[in-house]
Each structure stands twice: as C-alpha cells, then as structure tokens.
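**Q** got a sequence here, can you model it:
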Amino acid sequence: METRRNFLKKSLAIAGGVGVMGLGSASLSGCSSSKDPLFKISLAEWSLNKSIFGKSRQLESEEWAKLLTDDPDALLQGDVKHLDFAKVAHLDFGIDAVEYVNTFFFNKATNKNYLKEMKTIADGEGVNSLLIMCDREGALGDPDDAARTIAVENHYKWVYAASHLGCHSIRVNAQSEGEYDEQMKLAADGLSKLTEYGTKHDINVIVENHGGLSSNGKWLSGVMDMVNHPRCGTLPDFGNFYLGSWEEKGNEWYDRYVGVEELMPYAKAVSAKSHNFNEDGTEKDTDYSKMMKIVLDAGYRGYVGIEYEGPDLSEMDGIAATKKLLEKVRGELVDKYS
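**A** This is a model prediction of the structure:
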C-alpha cells in the first residue's frame, strides 16, 4: 500500500505550485521542463509589513487588533500600498509570483471589485498570485466546538478570495490548547473541515510552522497524517521554530533543519525566512545551502518565498539580499539536482 508520505511527495507538483497558478493549471505529471529553474522565487507580502502598515506598527497590540476588526484600512499608514505589491515584486525585484497577507486587505475578502483590481494589476505585471496567508481568524484547533466551527467558517471568505485571485492555497495556523495529543486531534478536526470546503473551490489549505506546537515538526506532520487529504499540506518556514506562544519570550526552539525535513513531505509552498546577514551574504541563523538541499531532496521544485523580517537592513534591501542568496544557492546546486 502506498504510504501517505509517498503519495504527497508525488502530488507536490500537482497541488503545490509547480504550475504558476496553482493546482488547476499545474502539470499533471509534476515534471518541470529542462529549461525551468531548479526552483522559482516568490515574494511574501509580510516582507513589506513595515512599509505597508507604517506608524500603525507602533500601536499597542490590543489597540492594533481592535482597529483590525473595526477599521482595518486605518492601519494602512505606510508608503507602500497593498494594491501596488505585485508591481513592487516585479518592477523592484524582478519577481514573478507573490504571496498575499490577509491583514493588508482584511475587510475586502468578498469584495469582487477589489479582488478583480488586485488580479488585474498582478496579471498586468505578469505576476502570479500563489496564496493568501491568513491570520487573526480564530484557532482552527480551539477546544471549544463552537469556537472551532466559527474559526473554520471565518476562513471561508479567504477561500473565496484565493479562488478569485487564481491562488492555489490559503495558508492557515494550527493553533490549539491542551495536551500534545489532544491538540493534534483538535487541529486535525478543524483543518479537515476547512479542507473539505477548500476542495470544493479547488483551493489547498496549508499550515505554516507558526509558534506553539505547530513549530514542532513531528507534531505538525502528525496532524497532516491525521487529516490525510491531498488538499491539506504544509508551508515549511526556515525560521519559525520557536515553541512558545507569541506573547512569550523564551528560548525553547525546535531544530529548524529537522523540522523542515519533517514537514517537506507535505509541502505545497516553502518560506525562506531571513533576518540577519553576514558580510559574505549568507544568512546568520540559517544555512541556506543546507536547507535548500533538504527542500530539493524531498522532490520539491515549486516556488520558494522570500520573507524578510530583519531589524538591520531596510525591507527593500533585506528582500534583495535574500533573493541574491537564494539565486546563489540555486546556482551552486543546479548541477546536482538537474
């Protein structure tokens, strides 16, 4: 009998973005032509969060969260506009694929005219819309049945938006509470229900390691096995392996290389997190060459998304530095994996 891991590995290209517009237009064989790069580079919108949010980033977390609910447009105080994101990706960085973040258009998920404008701009720049990163919509593994159901249904509108934009996936969080095994069951339940809905609209539901137990690769891969659906997968992030909650500031970390290796059999997207760079252009916290070998050894040949969050370089310089590093690593590995 074919194992879940082998099945997902074969379906990486089908459901994970080797086709630039997602599952609907991906090659059914999952094979790239000899002219295709070893992997392609996309840009996560969160890399520009300071430039888009501007001064609102300085608000206290409770005030910021309230505004997101009451008047999300009031948070958009930066020099870069959300609608210009695809243009920035293409014109400033020569990148042809983007990963949106829902908090930058939080009240527009079902606004057909706005979504049409987003798609028109991206298409006009020759930029592919890959996925929407979804936050602040509730815990999909909430111990309370009613709250968990609400969280699942809160994500429906983002499935709608992703479908209208031509994305292949929405990225969600597997947040829960309780003991290890119980959280696994609760998260799997919420994800299964959301995946059933996403499947009806040809949209994948993918989970990022994003704090708490979701940053434990063994736990999240166990959740994937429980869900056991080809439309539900992971988005391994190179850096998000802090095991505490978002509010805590501890020092309990999961091994990032082990974690990515555990999550890659289910991956439908990959996030190249970067923070700080050495003088030679390498990333201080992550060995990109080692990490990309793990990604490629899993058979992944889709987009790798830049997500710069560093404190030292400007967002534009940080994005450029990350792109340069990914291109360098790609050049070094191309002969081995071609």
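**Q** close enough to count as contact, Asn276 and Gly310?
**A** Yes - if you go by CB atoms under 8 Å, Asn276 and Gly310 touch, sitting 5.4 Å apart. (Glycine included, C-beta is placed from N, CA and C.)
**Q** more crowded one of the two?
**A** More crowded of Asn276 and Gly310, by other CB atoms under 10 Å: Gly310, with 20 against 15.
**Q** that one against Lys284, yeah?
**A** No - at 9.2 Å, Gly310 does not count as touching Lys284 under the criterion of CB under 8 Å.
**Q** what do those two both touch?
**A** Taking CB atoms under 8 Å, 6 or more residues apart in numbering as the contact rule, Gly310 and Lys284 both touch 275-277.
**Q** which stretches of the stretch 151-300 of the chain have low pLDDT?
**A** 246-250 (pLDDT under 70).
**Q** let's see 80
**A** 244-251 (pLDDT under 80).
**Q** list the contacts of Trp158.
**A** 102, 109, 132, 134, 137, 170.
**Q** so the last one is in which element?
**A** If I follow you right, that is Ile170. strand 169-172 (DSSP states H and E).
**Q** contacts for that strand, please.
**A** 17, 22, 99, 130-134, 137, 140, 155, 158-159, 162, 191, 194, 198, 203-208, 233, 235, 268-269.
**Q** longest helix in this structure, please.
**A** helix 315-337 (DSSP state H).
**Q** residues contacting it, please?
**A** 37-39, 41, 43, 47-51, 92-93, 95, 272, 274, 277, 281-283, 288-289, 292-293, 296, 304, 306, 308-310, 313.
**Q** for stretch 176-188, same thing?
**A** 139-143, 148, 174-175, 212-214, 219, 222-223, 226-227.
**Q** show me which residues of that stretch are buried.
**A** Within stretch 176-188, the residues that count as buried by 16 or more other CB atoms under 10 Å are 176, 183-184, 186-188.
**Q** that one: how far from the chain's middle?
**A** 22 Å (CA atoms, centre = their mean, to the nearest Å).
**Q** can you check stretch 257-269 too?
**A** On CA atoms, centre = their mean, the centre of stretch 257-269 falls 13 Å from the chain's centre.
**Q** would you mark the buried spots in that stretch?
**A** 257, 259-269.
**Q** show me the two of these that sit farthest apart.
**A** Pairwise distances across those peak at 20.0 Å for Tyr257 and Lys268 (criterion: CB to CB).
**Q** so which of the contacts of stretch 176-188 belong to strands?
**A** Among the contacts of stretch 176-188, no residue falls in strands (DSSP state E).
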